[in-house]
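[1] can't give you the sequence, but here's the structure:
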């Protein structure tokens, strides 16, 4: 077998499994989802909140699974299902054991990323930049929870040069067991903000939960913190208490070890001057936004700490762009003539990222006759502070010069109430009504921002608009094109 990830005998030993049926010599990948499973993968029949993987063994076999990891207590219910199997006491525990074995055999330098905003973007920038200097394995999508981290770690090739892992949480004590699996050489905390505030008393408790990431840092490892974050000193205290002796910072603050010195728009995107521990570095970035630039400094700091060529990593980042749902831009070719710009920031939202996204919109200059349109949905998990935090968005909306606001979600009623009379604002009971109203009002020159928590379902709205109007004759809008057209300036990219 080519590109073998795990030998079956090793899988069996590590997971304390009982083999059943004719097993292959090895597997090329690990999967828990038959929709994305590739031929040669091992299928782990994880039991989730809505589905039980044991119900999909036949589908996994049809998709080309080389073997199936199943729970002992499920065997009687499987009946006549005849597939190669490794039988374990608990499939999730078996996956965790495999993750531990993967970390033990790895030669890769490991970076872990957490924070209230910017985790996935920073992880993707690390993936892109480090690919210029070695082989990189990184978490897929936002696989950052109790199953996503073990799955990502189990997929780490033994000979990878770098491993990048995103670790998230919405309750205390969730990061701790995950980071102890990952055991990073570098731990990055992007920013502390009131995300998931409904599960915490205050932001300090959020900082404490994020700081659990330091407990897994290997001896001699490094913590990299945001110098511009008011909670950076608190995080540094937690890092020291966890035994991390090397604590460094990124940002614009004068004390930052990885410092943003200058930042300006260019024809190609943006130009950045940075100081990396005293050494000046000039490079370009195709993805606009001061927030993005700051996170890239964390990327360069991590690259230096794991022994990568920082200049080559910085050069590689010139071709990196924001991804779907996290600031990607598209040109819409309208039926009425002309084009509009859509900013897709629909993946997630909290008060900090909402303000950053509105800042991006503020810096955009609409085309002739166009407007700044903000399409906003609920920010979830804010607890009793939710009405106030939603209503407080009035200030950045007005400061951004937004012309029209479309709202959806029960929590956004609080914002609708305070915006009444201040500007044109429409609140809709459901996304379908919102989309219909927006489609009727769009016109050439508009810049349209979509921003909401993921489960509000704005991503399908974006997909619908793209299927109807995306200009297929051109590539998606590039940052350089927006800067050159005066549609976006170099600041405030949202995560």
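    Nice, I can see it. These numbers come from a predicted model, not from an experiment.
[2] quick check, residue 113 in a helix?
    No - Residue 113 sits outside any helix when classified using DSSP: H, G, I helix; E, B strand; the rest coil, being strand.
[3] Let me see the mean pLDDT of stretch 227-240.
    For stretch 227-240, the mean per-residue pLDDT is 97.
[4] need the helix or strand of this structure with the lowest average pLDDT.
    helix 479-484 (a mean of 33; mean pLDDT, DSSP states H and E).
[5] which residues touch residue 299?
    Residue 299 is in contact with 122, 125, 126, 129, 313, 317, counting by CB atoms under 8 Å, 6 or more residues apart in numbering. C-beta here means a position set from N, CA and C on the backbone, and glycine is covered the same way.
[6] mind listing which of those residues are in helices?
    Under the assignment DSSP state H, the contacts of residue 299 contribute 122, 125, 126, 129, 313 to helices.
[7] so what's the residue most central in space within the chain up against?
    For the chain, the residue nearest the mean C-alpha position is residue 120 (2.2 Å; CA atoms, centre = their mean). Residues near residue 120 by CB under 8 Å, 6+ apart: 141, 142, 144, 166, 326, 347, 495.
[8] Where does it fall, secondary structure wise?
    Residue 120 is part of helix 119-130, with elements assigned from DSSP states H and E.
[9] So which bits of that helix are buried?
    Across helix 119-130, burial judged by 16 or more other CB atoms under 10 Å covers 119, 120, 121, 122, 123, 124, 125, 126, 127, 128, 129, 130.
[10] next helix or strand past that helix?
    strand 136-138.
[11] Quick check: which helices or strands does the following helix or strand past that following strand pack against?
    Scanning forward in sequence from strand 136-138 by DSSP H and E, the next helix or strand is helix 148-154. With contacts defined as 3 or more CB pairs under 8 Å, 6 or more residues apart in numbering; DSSP states H and E, the packing partners of helix 148-154 are helix 91-105, strand 162-166, helix 175-182.
[12] most neighbours per residue, which of these?
    Most buried of the helices and strands packed on helix 148-154 by mean neighbour count (mean count of other CB atoms under 10 Å) is strand 162-166; its value is a mean of 28.
[13] Pairing partners for that strand, with directions?
    strand 109-114 (parallel), strand 136-138 (parallel) (DSSP bridges).
[14] In three-state terms, label the residue of the chain most remote from its centre for me.
    The centre of the chain is farthest from one residue, residue 80, which by CA atoms, centre = their mean lies 41.1 Å away. Following three-state DSSP, residue 80 is assigned to coil.
[15] what residues are up against the spatially closest residue to residue 317 that is not a sequence neighbour?
    Distances taken as CB to CB, 6 or more residues apart in numbering put residue 129 closest to residue 317, at 4.9 Å, once the chain neighbours are dropped. For residue 129, the contact set (CB under 8 Å, 6+ apart) comprises 299, 300, 303, 313, 314, 316, 317, 320.
[16] Try it again at 6 Å.
    299, 313, 316, 317 (CB atoms under 6 Å, 6 or more residues apart in numbering).
[17] And for residue 5?
    By CB under 6 Å, 6+ apart, the neighbours of residue 5 are 27, 28, 29.
[18] again, but for residue 115
    Contact analysis of residue 115 by CB under 6 Å, 6+ apart lists 189, 190, 191.
[19] Now intersect these with the helices, please.
    Per DSSP H, those never map to helices.
[20] I'd like these written out as TSV, with pLDDT, distance to residue 205 and neighbour count added.
    Output for the contacts of residue 115, formatted as TSV (pLDDT from 0 to 100; distance: CB to CB, whole Å; neighbours: other CB atoms under 10 Å):
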residue	pLDDT	distance to residue 205	neighbour count
189	98	15	29
190	95	18	27
191	93	16	27
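[21] ok so, going back, the helices and strands packed on helix 148-154: which one's closest to residue 458?
    strand 162-166 (21.4 Å; CB to CB).
[22] show me the contacts for the nearest residue to residue 424 once chain neighbours are set aside.
    Nearest non-adjacent residue to residue 424, counting by CB to CB, 6+ apart: residue 404, 4.7 Å away. Counting by CB under 6 Å, 6+ apart, residue 404 touches 371, 373, 424.
[23] Among these, name the ones in strands.
    373, 424 (DSSP state E).
[24] and which of the contacts of residue 404 is nearest to residue 442?
    Within the contacts of residue 404, the smallest distance to residue 442 is 7.8 Å, found for residue 373 (CB to CB).
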